[in-house]
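> Below is the sequence, then the predicted model.
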Amino acid sequence: DNRLLPDQYITMSQQNKRTPSKSILELQKLTNTTVRVKCAGGRELVGVLKGYDELVNLVLDESIEFLRDPKNMECVSEKFRKLGLVVVRGTQVSLVSPEEGAEEIANPFMEQSDG
């Protein structure tokens, strides 16, 4: 007999409830530290992470945006502009990393030109 017993019934409201999943991002430990945020479309920002939510919307304070080199839009120039307090939408966030202890390395998948 394959009939369910009354205590085995799952109501629609129970079925639709999702248990919150643990985020793979550990942004809590980066709160109130300086972080680098890379966004879709190539924007790069550095600022103090003041807050975030489950959608990875970020609040950065004392932030600056690094501007692209007008001659080569794939490269970030040394020029920047101060933005102050900003909210970065989670849909635009590609990478969040601590600024301290991070360094940029050459992309091994791009052809290197011989000087």
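That came in fine, so what should we check first?
> And the helices in the chain?
Using DSSP state H, the helices found in the chain span residues 12-16.
> Low-confidence ranges, it, go.
By pLDDT under 70, the low-scoring segments of the chain are 1-25, 112-115.
> Which residue lies nearest the spatial centre of it?
By CA atoms, centre = their mean, the chain has its centre lying nearest to residue 93, at 3.9 Å.
> Can you tell me, leaving aside adjacent residues, what's nearest to it?
residue 56 (5.1 Å; CB to CB, 6 or more residues apart in numbering). In this view, the C-beta of every residue, glycine as well, is placed from N, C-alpha and C.
> my read: that neighbour touches residue 94, true?
No. Using CB atoms under 8 Å, residue 56 is not in contact with residue 94; the gap is 10.2 Å.
> and the longest strand for this protein?
Using DSSP state E to define each element, the chain has its longest strand at strand 72-88.
> any idea how far the residue lying closest to residue 97 once chain neighbours are set aside lies from residue 111?
Distance criterion CB to CB, 6+ apart; nearest residue to residue 97, sequence neighbours excluded, is residue 36 at 5.2 Å. Residue 36 sits 26 Å away from residue 111, going by CB to CB, to the nearest Å.
> Neighbour count: the two, which is higher?
Between residue 36 and residue 111, counted using other CB atoms under 10 Å, residue 36 has the larger neighbour count: 17 against 6.
> residues in contact with the more buried one?
Residue 36 makes contact with 44-46, 95-99, 102, according to CB atoms under 8 Å, 6 or more residues apart in numbering.
> just residue 49 next, same as before
By CB under 8 Å, 6+ apart, the neighbours of residue 49 are 27, 30-35, 58-60, 96.
> Quick one: which of the residues you listed is the most crowded by neighbours?
Those, ranked by neighbours (other CB under 10 Å): first place residue 58, 26 neighbours.
> For residue 52, see how far away that one is.
5 Å.
> Quickly note the distance from residue 57 to residue 71.
Residue 57 is 33 Å from residue 71, by CB to CB.
> Name the residue in the two with the higher neighbour count.
residue 57 (15 against 7).
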